[in-house]
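Asker: Here is my input; please provide its structure:
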Amino acid sequence: MAGIHITDIESAINWWRERSPSPDGLSLSPPVRALAEVYALMVYYRESLADERSMPAAARNAWLDWYHSTPDAPCIAICSTAQGDAICKGCGRSEDEVQHWPQLSPTEKRLVWRRITTEGTAWRFNRYAERARVAGGAPSGAAPAPGDQ
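Answerer: Alright, predicted model coming up:
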């Protein structure tokens, strides 16, 4: 079962809060309310994954709207699986994940994104990202910009 991680629910809530802020500081927009209900139940039951099949339609649609605003693939065009590596040094995905990426569901893709981000070993998250920041004028060792990961 593919599940939606609680951090993705939280990111979707924050994305919607920016796009549809509360007019009075108390009320929530319908997408925020739908996602907040799922988030609250996850916290209450100490669950880290929401079952996408049982998620209310309004919450799933709000999550999908957020999902479509995120980068699809973690590829940085430095693919080492073509040279026989089981795990790509550029993006951190397995050869199987690279080959079957177009067939993966949004929740399956986000679970891969979460794993490679948590591991942080791919060049996307270290050497390559550091060189890109320095090339862009940031000092060496500077923290990544919010959109870099």
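Asker: Ramachandran angles for the closest residue in space to Ala12 that isn't next to it in sequence?
Answerer: Excluding the flanking residues, the one nearest Ala12 by C-beta to C-beta, 6 or more residues apart in numbering is Trp66, at 3.6 Å. Backbone N, C-alpha and C define where each C-beta goes, glycine included. Trp66 adopts backbone torsions of phi -60, psi -50, taken as degrees, to the nearest 10.
Asker: residue contacts, the residue positioned nearest the centre of the chain?
Answerer: In the chain, the centroid-proximal residue (C-alpha atoms, centre = their mean) is Arg110; its distance is 5.1 Å. Taking C-beta atoms under 8 Å, 6 or more residues apart in numbering as the criterion, Arg110 is in contact with 4-5, 8, 67.
Asker: That one belongs to a helix?
Answerer: Yes. Using DSSP: H, G, I helix; E, B strand; the rest coil, the assignment for Arg110 is a helix.
Asker: Distance of the residue nearest to Ala12 relative to Cys79?
Answerer: For Trp66, the distance to Cys79 equals 27 Å [C-beta to C-beta, to the nearest Å].
Asker: more neighbours, these two?
Answerer: Higher neighbour count among Trp66 and Cys79: Trp66, with 19 against 16, using other C-beta atoms under 10 Å.
Asker: Per-residue pLDDT of Arg19, please?
Answerer: Turning to Arg19, the model gives it a pLDDT of 97.
Asker: oh, I was asking about Phe125
Answerer: According to the prediction, Phe125 has pLDDT 84.
Asker: next one: Gly136
Answerer: Gly136 is given a pLDDT of 70.
Asker: what's around it, how many residues?
Answerer: Applying other C-beta under 10 Å, we find 9 residues neighbouring Gly136.
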